[in-house]
Every structure is written in structure tokens, then in C-alpha cells.
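S.K.: Give me a model of this one.
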Amino acid sequence: MTSGIRLIDHLVAHELEADSAEQALEKIAQLGGVAGLFKSTWLEAAIKRESEFPTGLPTLIPVAIPHTDSVHVNADGVGFFKLKNPIEFGEMGSLDEKVQVKMILPLLITNPAEQVDLLMAVIGSLQDAEFLNALDAASSTEEIISIFRGAGL
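M.R.: Numbering: from 1, shown residues only. Coordinates of the predicted model:
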């Protein structure tokens, strides 16, 4: 894994239940807001950005990497949410294609200059089948955190 990616322990859940991308983002925003990681503007910004620049990736196990401009966050790092059931996100780089994602990794970036590097590092890590399969098999938040720590995050 690439250094520079830091898992935010307060932004991890092994079984997030949501019926839509918007509902998943609402739940993530609530958790991040309680932990002081997001500003109150994060949810609206994340939904708007997702509609304009979708973040679903058709990786071995499909994921979404929602993120916003730095003005909407108070910390740097990445969260991880394994969904109880797959939900539809738009595919990154397309306005028409959809991806049934099983995992969501919200990025939190306070320095706009670091956004592309962090996004590329996360995408690179998601191409590691062993890492992705381990996350998919994880049955607890603690196990997910342990997998990230084992990868040097």
C-alpha cells in the first residue's frame, strides 16, 4: 500500500445498511459529523459532486470513493464502509454507466493539492486483490482496522 493513506478509525463500519448512494452518504455524513470530521456542508457537497463526477469503480469488488472539496472536511484520511447489500453508484469517468458497489471509501482531504495523489493511492490499493478480498471477508470493524493497519495504513 501507498503511504500517505490514513484510515480514520471513527469512520469505519463493517455492515452499513443503505438502499441508495444518497442514503449511504447520509449515514456516513452523520457518523463523520458526530466525530467532528465533516462540516455541516459535507453531505450536500458529496451528493452534488457524486452527481457531476461519479466515484464508483468496477474493481474486483466494486467500490465508491466519494469526496468533496477540502472546505467541507476537518481532517485528512480515508473511511471504510462495507455495505450489507450492494447499492448503485455512477461509474467514475462516465455519466451513464452504473456500478453495484459493495464498499465505500470516503476520502477526507484538507489540502486540495493532495487530492489527486490520495485518490490515486487509494485506487492503487484497491487493485490489490488480496487486500480487497480481506476487506470483503472482514466480519467486524476491528478486523477492518486490523487489515488496514497490516497494510501500513
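S.K.: Spell out which strands sit alongside the lengthiest strand in the chain in the sheet and which way each one runs.
M.R.: When the chain is parsed with DSSP state E, its longest strand is strand 77-90. Using DSSP bridges, the strands paired with strand 77-90 are strand 7-16 (parallel), strand 98-104 (antiparallel), strand 107-108 (antiparallel).
S.K.: Report the rounded mean pLDDT for that strand.
M.R.: Averaging pLDDT along strand 77-90 gives 96.
S.K.: Let's check: the centremost residue of the chain is which one?
M.R.: L105 (1.3 Å; Cα atoms, centre = their mean).
S.K.: Roughly how far does that one sit from D96?
M.R.: L105 sits 23 Å away from D96, going by Cβ to Cβ, to the nearest Å. For glycine as for every other residue, the C-beta is placed from the backbone atoms N, C-alpha and C.
S.K.: G90 now?
M.R.: From G90 across to D96, the span is 8 Å (Cβ to Cβ).
S.K.: More neighbours: which of those two?
M.R.: G90 (20 against 7; other Cβ atoms under 10 Å).
S.K.: Can you tell me the closest non-neighbouring residue to the more buried one?
M.R.: Distances taken as Cβ to Cβ, 6 or more residues apart in numbering place P54 nearest to G90, at 2.7 Å, with adjacent residues excluded.
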